[in-house]
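Engineer: Following is a predicted model, sequence given first.
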Amino acid sequence: MLARAGLLLQYVISRDVPWLRPVGCSVSEDGFKCDFISTSGEWPNESLVRKIEKAIVELESSGGVVPKYVGLVSDELVRLLGRSATYEVNGVDVFLESEVKPSEKVVKAVLIRNISAHNPTKDVSLVRLIGVAFDDLSEYREWVEYYEEAIKRDHRVLGQKLDLFDFYEEAGPGLVIYHPKGQLIREELIKLVKEINSRLGYSEVYTPHVYRSILWKISGHYDLYRDKMVLADVDGEEYGVKPMNCPGHILIYKSRTRSYRDLPIRLAEFGTVYRWEKRGELFGLLRVRGFTQDDGHAFVREDQIELEVGNILREVFNLLSLFGIARENTRIYLSTKPEKYIGSDEAWDKATQSLKRALDKLGIQYEVKEGEGAFYGPKIDVHFRDSLGRWWQCSTIQVDFALPERFNLEYVDSDGSKKRPVMIHRAILGSIERFMAIIIEEFEGRLPTWLSPVQVVVVPVSKDVAEYALEVTEKLKNAGIRAVEDLSDETLQKKIKMAYEQAIPYVLVVGRREAAQKTVTIRGRGNLQASNVPLDTFIRELINEIRERALSQKALTNILGRSPAREGSAPQGREPSTT
């Protein structure tokens, strides 16, 4: 269905929009992607896109439209894009990737959901239309509901609404600037990975953002990754901003003689790297030009690979479980040697087999992705499914025989001979930015308490208890809880509503009764409420909730579970019985 819709889209545009020339279509489980050359430099606007969608459905309803296969394409640009099959629709040539065959079912609904730039080479700029199509209107309506839910969770919108981060034209596209609240989330994620690094035996290091280009030439990045690098000539010498952290860690390993007894040597860094993605490919925090990796490199003997990989995978699954992601909602992929690579075929085979053995030992099922490894080694990628059914890839583990060879890394073995270590590259979250985007959308901005920038807001019922509100806030802060007070002139109902809109997990309402008894009225998510709770009790329960990194509001449910004054669910915004 998607392939057929893509062919008809190309035909309708050729017929109705002469300044857009089609150069092909590809399809995936997410929809179709059709590329066009704009001969006038114009881009299709929203109004034109809606007309194109309507024209496709009208064309199908008129009957008799049969895309006819012509043969392989001769156009060089179309072949470059991998759309090697030519079809004919009403005498117009349209293009499709040869592995896909168009359906014979009639397209009843089309939605073009994105217009972007696509730059397959430095000198070619295309207009890309991305969309979905359906042969069943009920499926279309279901998809629209799903799509509207996804839009509601869009991390770019929530990032601005919750004052977490932003992108500024003056700073440059794809370069995120974190606001204080966003930085707090970032620091909590880093703290989590620091604990994992400690359990795995990694030592944290720091390396510069820029190196002489000679280092990138030794590593192979200069030849195979240069199109994504930022290079500059300084004082007659070329430097490159780092797209990866590995070379710096290699230099640390190489700084002294290593013994077989020293291995594994594990180095970790929350290193910011820069990869100059094409502007049309940038998308919020999910696709940026500057991002921070929770990077780690273990230098190991060959006999240590499987154990090391297994230990990392266990920590990956433990981390995902903290965010409510169960093992059955994960997929594991083993990616093999790509077309462009460094190192020998023998080394690649050894590395691939070691990853297979590690997966087999853990009893983990996996799929093989041929030709999708990193240029220096095969890799394991962990994908997980969110509550909307979308799949994301974050964690990665790569086994590398090539870079130790290129940098002439050695260790002294038990017999006094010099051997070459193996390098394991790993990232648990992948990048802080990407993972943050995913969890913001997964929780619709309402992050678990431990991850929330503001964990508690204290709201006095009237000004005569403002002093007690300040006292409560100070006590919370002294206990290490991120708390603020709202002493504004807004009504109580408005203050509670504002806290809800800012995704603050807990609202503590205090009046004369609470001030006299040193208690608080607690309002949580889901309209749960508990009245007249001793402040010390709430603090103790909340500290436990945060320390456990609980997904739910355990502090409040624990209090309600043993409180004789069980309040249940008061309507959102209703004032508690506080005087």
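Structural biologist: Structure's in. What do you need? Residues are numbered from 1 along each chain as shown.
Engineer: For stretch 487-503, measure first residue to last.
Structural biologist: Using C-alpha to C-alpha, to the nearest Å, the end-to-end distance of stretch 487-503 comes out at 18 Å.
Engineer: go on, stretch 439-448?
Structural biologist: End-to-end span of stretch 439-448 (C-alpha to C-alpha): 10 Å.
Engineer: Flag every buried residue along that stretch.
Structural biologist: 439, 440, 441, 442, 443, 445, 447, 448 (16 or more other C-beta atoms under 10 Å). C-beta: built from backbone N, CA, C; applies to glycine.
Engineer: Ok, stretch 40-51 next?
Structural biologist: So for stretch 40-51, counting by 16+ other C-beta under 10 Å, buried means 44, 48, 49.
Engineer: tell me the mean pLDDT for that stretch?
Structural biologist: For stretch 40-51, mean pLDDT is 88.
Engineer: Turn the buried residues of stretch 40-51 into CSV, columns for secondary structure and distance to residue 177.
Structural biologist: Listed next are the buried residues of stretch 40-51 as CSV, based on DSSP: H, G, I helix; E, B strand; the rest coil; distance: C-beta to C-beta, whole Å:
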residue, secondary structure, distance to residue 177
44, coil, 31
48, helix, 34
49, helix, 31
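Engineer: follow-up on the earlier one: what is the nearest of the buried residues of stretch 439-448 to residue 287?
Structural biologist: Of all the buried residues of stretch 439-448, residue 287 sits closest to residue 441, with 14.2 Å by C-beta to C-beta.
Engineer: I'd assumed residue 154 was in contact with that closest one.
Structural biologist: Yes. Contact criterion C-beta atoms under 8 Å: residue 441 and residue 154 qualify, at 6.9 Å.
Engineer: Could you export the buried residues of stretch 439-448 to TSV, including columns for secondary structure?
Structural biologist: Listed next are the buried residues of stretch 439-448 as TSV, based on DSSP: H, G, I helix; E, B strand; the rest coil:
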residue	secondary structure
439	helix
440	helix
441	helix
442	helix
443	coil
445	coil
447	coil
448	coil
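Engineer: Taking those residues together, which two end up most distant?
Structural biologist: Longest span within the buried residues of stretch 439-448, C-beta to C-beta: 441 and 448, 14.4 Å.
Engineer: Now do stretch 192-206: distance from first to last residue.
Structural biologist: Stretch 192-206 stretches 18 Å from its first residue to its last (C-alpha to C-alpha).
Engineer: The residue lying farthest from the centre of the chain in helix, strand or coil?
Structural biologist: Distance to the chain centre peaks in the chain at residue 516, reaching 48.0 Å (criterion: C-alpha atoms, centre = their mean). When classified by three-state DSSP, residue 516 comes out as helix.
Engineer: Please apply the same query to residue 238.
Structural biologist: Going by three-state DSSP: residue 238 is strand.
Engineer: Can you tell me how far it is from residue 357?
Structural biologist: Residue 238 sits 41 Å away from residue 357, going by C-beta to C-beta, to the nearest Å.
Engineer: Next: residue 88.
Structural biologist: 51 Å.
Engineer: What of residue 206?
Structural biologist: 34 Å.
Engineer: in the chain, which helix has the most residues?
Structural biologist: Longest helix of the chain, by residue count under DSSP state H: helix 180-200.
Engineer: other SSEs contacting that one?
Structural biologist: Applying 3 or more C-beta pairs under 8 Å, 6 or more residues apart in numbering; DSSP states H and E, we find helix 180-200 packed against strand 265-274, strand 290-300, helix 305-322, strand 422-431, helix 432-442.
Engineer: Is it correct that residue 546 is in contact with residue 482?
Structural biologist: No. Using C-beta under 8 Å as the test, residue 546 is too far from residue 482 to be in contact (9.3 Å).
Engineer: Would you mind telling me which of those two has the busier surroundings?
Structural biologist: Comparing residue 546 with residue 482 by other C-beta atoms under 10 Å, the one with more neighbours is residue 546, at 22 against 18.
Engineer: Check which helix or strand the more buried one maps to.
Structural biologist: In this assignment (DSSP states H and E), residue 546 forms part of helix 535-548.
Engineer: So what touches that helix?
Structural biologist: 449-450, 455-456, 472, 475-476, 479-481, 506, 508, 518-520, 522, 553-556, 558-559 (C-beta atoms under 8 Å, 6 or more residues apart in numbering).
Engineer: Need the buried ones from the residues you listed selected in PyMOL.
Structural biologist: Selecting just the buried residues from the contacts of helix 535-548 in PyMOL takes one command, with 16+ other C-beta under 10 Å as the test:
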select buried, resi 449+450+455+456+472+475+476+481+506+508+519+520+522+553+554+555+556+558+559
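Engineer: In strands, which of the contacts of helix 535-548 fall?
Structural biologist: In this view, these that belong to strands under DSSP state E are 456, 506, 508, 519, 520, 522.
Engineer: Show me what the third one is bridged to.
Structural biologist: The reference is to residue 508. Assessed by DSSP bridges, residue 508 has beta-bridge partners residue 458, residue 522.
Engineer: can I assume it is in contact with residue 520?
Structural biologist: Yes. Assessed by C-beta under 8 Å, residue 508 is found in contact with residue 520 at 4.3 Å.
Engineer: Common neighbours of these two, please.
Structural biologist: 458, 472, 538.
Engineer: Just put these in CSV and tack on distance to residue 399 and pLDDT.
Structural biologist: CSV is the format used below for the shared contacts of residue 508 and residue 520 (distance: C-beta to C-beta, whole Å; pLDDT from 0 to 100):
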residue, distance to residue 399, pLDDT
458, 52, 97
472, 53, 96
538, 49, 96
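Engineer: ok, of those, which one's closest to residue 114?
Structural biologist: Set against residue 114, the nearest of those by C-beta to C-beta is residue 458 (43.1 Å).
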